[in-house]
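Asker: The sequence and its predicted three-dimensional model are supplied below.
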Amino acid sequence: DAKTTQPPSMDCAEGRAANLPCNHSTISGNEYVYWYRQIHSQGPQYIIHGLKNNETNEMASLIITEDRKSSTLILPHATLRDTAVYYCIVRVSAGGGNKLTFGTGTQLKVEL
Amino acid sequence: DAGVIQSPRHEVTEMGQEVTLRCKPISGHNSLFWYRQTMMRGLELLIYFNNNVPIDDSGMPEDRFSAKMPNASFSTLKIQPSEPRDSAVYFCASSLWEGSEKLFFGSGTQLSVL
């Protein structure tokens, strides 16, 4: 699986967009980008995933660069409840078990 | 749906004792995963099952750890004997199938071995 690089921490004002970057320069053509988050004292929660097209759901948007070497998770209107560790994971999504490898992630702190 | 249910929520035991952690996956999910989280090592996959069969246990740290899934609605992770370095949060997760994009995690069991 490709390795990912994320900033260790970020701050965001409540109500503003939170843009969380992820670098995955060694990504292969059949590897997806997943984002999960972990709120303190809870299990990780799936947010979104994508292959090469931008994706949007009720939680967030995922922007993947054309060369697929980096991506950005966007929380359009961050709230205090979005304070969490955000994990960017690259993984082949086919057979072999979805053995997600979690790195250290980005600690996002949303403040008033 | 109640989600993935883990018990107990907290477990405190003494070194050398047997510890059993329990997990009930989401109904209809065919894959189950056990993860361990520590400050030093982050989230690590220990083992996963597909259709109740262990598929990959390469993450199980040593023979003191064992996991079973006797049926589709129940799994256990046992540590015997327990050691202080086993102290961690243990998460169970399930997914519809082994390649599914979404893993649904339980709330975890906080294990402290004294």
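Answerer: Everything's here; your move.
Asker: Could you report the neighbour count for the one residue in chain A that gets nearest to chain B?
Answerer: For chain A, the nearest residue to chain B under the criterion C-beta to the nearest C-beta is A:Gly43, separated by 2.8 Å. Placement of C-beta: from N, CA and C, glycine included. By other C-beta atoms under 10 Å in any protein chain shown, the residues close to A:Gly43 number 23.
Asker: I figured it was touching B:Ala93, is that so?
Answerer: Yes. The pair A:Gly43 / B:Ala93 is scored as a contact, 7.0 Å apart, by C-beta atoms under 8 Å.
Asker: what residues are shared contacts of the two?
Answerer: Contact criterion C-beta atoms under 8 Å, 6 or more residues apart in numbering or on different chains; residues bridging A:Gly43 and B:Ala93 by contacting each: B:Val4, B:Phe105, B:Gly106.
Asker: List the residues that contact the last one.
Answerer: Neighbour list for B:Gly106: A:Gly43, B:Gly3, B:Val4, B:Ile5, B:Gln6, B:Cys23, B:Phe91, B:Cys92, B:Ala93 [criterion: C-beta under 8 Å, 6+ apart].
Asker: Can you redo those residues as a markdown table, where the extra columns are distance to A:Asn23?
Answerer: Conversion of these to a markdown table gives the following (distance: C-beta to C-beta, whole Å):
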| residue | distance to A:Asn23 |
| --- | --- |
| A:Gly43 | 26 |
| B:Gly3 | 32 |
| B:Val4 | 31 |
| B:Ile5 | 37 |
| B:Gln6 | 33 |
| B:Cys23 | 34 |
| B:Phe91 | 26 |
| B:Cys92 | 31 |
| B:Ala93 | 26 |
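Asker: circling back to that earlier point, mind listing which of the shared contacts of A:Gly43 and B:Ala93 are in strands?
Answerer: B:Phe105 (DSSP state E).
Asker: could you list every residue that touches residue 42?
Answerer: I'll assume chain A. Taking C-beta under 8 Å, 6+ apart, we find A:Gln42 in contact with B:Phe105, B:Ser107, B:Gly108.
Asker: my bad, the chain I had in mind was chain B
Answerer: A:Phe102, A:Gly103, A:Thr104.
Asker: For chain B, tell me which of the residues you listed show up nearby.
Answerer: Under the cut-off given by C-beta under 8 Å from any C-beta of the partner chain, chain B has A:Phe102, A:Gly103, A:Thr104 from the contacts of B:Gly42 close to it.
Asker: What's the local residue count around the second one?
Answerer: In other words, A:Gly103. Residue neighbour count, defined by other C-beta under 10 Å, stands at 16 for A:Gly103.
Asker: Tell me the spacing between the residue lying closest to it once chain neighbours are set aside and A:Ile39.
Answerer: The shortest distance from A:Gly103 to any residue other than its chain neighbours is 5.8 Å, reached at A:Thr4 (C-beta to C-beta, 6 or more residues apart in numbering or on different chains). Computed with C-beta to C-beta, to the nearest Å, the distance linking A:Thr4 and A:Ile39 is 20 Å.
Asker: A:Val90 too?
Answerer: Here the distance between A:Val90 and A:Ile39 works out to 22 Å (C-beta to C-beta).
Asker: give the contact list for the residue most central in space within chain A.
Answerer: Here the mean C-alpha position of chain A is nearest to the C-alpha of A:Trp35 (C-alpha atoms, centre = their mean), at a distance of 3.3 Å. If you count contacts by C-beta under 8 Å, 6+ apart, A:Trp35 has them with A:Leu20, A:Cys22, A:Ile47, A:Ile48, A:His49, A:Ala60, A:Leu62, A:Leu73, A:Tyr86, A:Tyr87, A:Cys88, A:Ile89.
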